[in-house]
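Engineer: based on what follows, work out the 3D shape:
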Amino acid sequence: MSKCEQCIVREFSSLKALTKEELLKLSDCKTSHIIKKGEVIFEEGENVNGIFCIKDGICKLTKLSANGKDHIVKLVTKGELLGQRSMISDEPVNLSAVALEDMHVCFIPKADVMGYFDKNNQFSMNVMKTICGDLKEADDHMVNLAQKTVKERLAETLLYLHDTFGKNEDESLKVQLSRDELASIIGTATESCIRLLSDFKKSGLIELTGKKIVLKDSNALKKLAD
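Structural biologist: Prediction:
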């Protein structure tokens with residue numbers, strides 16, 4: 001099991017503010033888990049009682065809507081922490097987390113994390129900044145849903161997937177989402193998403209091979225997204 005102070009992933013999260021001594025103590029408390037693709041890390045309404053640090057892999061955060069369908073709120077990758085808001089508010093998690101690929105995560109119990117809020121002001125500030133950033137993202141997403149067309153949102157999402165998670169050796173997007181998942185992110189029906197992807201392909205903006213998507217004209221997609 002790797003030690004927290006030796007893990008480069010912590011440099012991307014609130015944990016970077018902890019001292020070497022604090023990280024050593026954290027290492028003794030954490031548990032490491034391998035999460036297989038499609039497995040649930042936690043479910044909406046569950047009392048997690050701690051935070052998950054993503055060491056490797058990507059997961060989706062989903063919210064169950066009134067019609068019984070899961071809506072993808074956000075995609076999360078290595079270096080990020082899950083469960084910070086519910087840990088501080090002392091409430092059950094309001095989202096579910098599901099692995100989009102095989103993942104390596106570390107779980108740190110709430111009791112072992114909360115002690116650092118009193119002892120390390122920078123750590124407390126980092127956590128608050130992360131939560132504020134999540135709120136800003138949620139606000140921006142709501143505005144996009146209200147003001148942008150589905151076509152604009154799809155173009156923006158494809159660019160986001162490319163810029164944030166990268167691409168494979170064959171140039172396809174590294175994150176391979178089903179049409180249902182892609183439709184969930186942009187807030188439309190699956191049929192509409194499939195039709196728009198076909199339109200993008202005919203226009204030479206993308207290439208499609210099964211679930212694989214290759215961006216062929218990023219500049220045109222950027223103009224469309226704006």
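
Engineer: three-state assignment of the residue positioned nearest the centre of the chain?
Structural biologist: The chain has residue 76 as the residue nearest its centroid, 1.8 Å off, counting by Cα atoms, centre = their mean. Secondary structure of residue 76, reduced to three states by DSSP: H, G, I helix; E, B strand; the rest coil: strand.

Engineer: isn't it right next to residue 59, touching?
Structural biologist: Yes: assessed by Cβ atoms under 8 Å, residue 76 is found in contact with residue 59 at 5.4 Å. Using the backbone N, CA and C atoms, a C-beta is placed for each residue, glycine as well.

Engineer: which stretches in the protein count as strands?
Structural biologist: 31-35, 40-42, 50-56, 58-64, 70-77, 81-82, 96-99, 103-109, 206-209, 212-215 (DSSP state E).

Engineer: would you mind giving the ones you listed as a markdown table with mean pLDDT and distance to residue 195 added?
Structural biologist: Below are the strands of the chain laid out as a markdown table (pLDDT from 0 to 100; distance: least, Cβ to Cβ, whole Å):
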| stretch | mean pLDDT | distance to residue 195 |
| --- | --- | --- |
| strand 31-35 | 93 | 34 |
| strand 40-42 | 96 | 31 |
| strand 50-56 | 91 | 34 |
| strand 58-64 | 93 | 23 |
| strand 70-77 | 90 | 19 |
| strand 81-82 | 90 | 34 |
| strand 96-99 | 96 | 26 |
| strand 103-109 | 92 | 32 |
| strand 206-209 | 94 | 12 |
| strand 212-215 | 95 | 15 |
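
Engineer: so which of the ones you listed is nearest residue 142?
Structural biologist: Closest of the strands of the chain to residue 142 is strand 70-77, at 11.0 Å (criterion: Cβ to Cβ).

Engineer: please point out which parts of that closest one sit buried.
Structural biologist: By 16 or more other Cβ atoms under 10 Å, the buried positions in strand 70-77 come out as 70, 72-77.

Engineer: that strand packs against which elements?
Structural biologist: Applying 3 or more Cβ pairs under 8 Å, 6 or more residues apart in numbering; DSSP states H and E, we find strand 70-77 packed against strand 58-64, helix 121-147, helix 150-165, helix 179-186.

Engineer: what's in contact with stretch 179-192?
Structural biologist: For stretch 179-192, the external contacting residues (Cβ atoms under 8 Å, 6 or more residues apart in numbering) are 60, 62, 69-72, 75, 145, 150, 153-154, 157, 177, 193-194, 197.

Engineer: sounds good, over and out.
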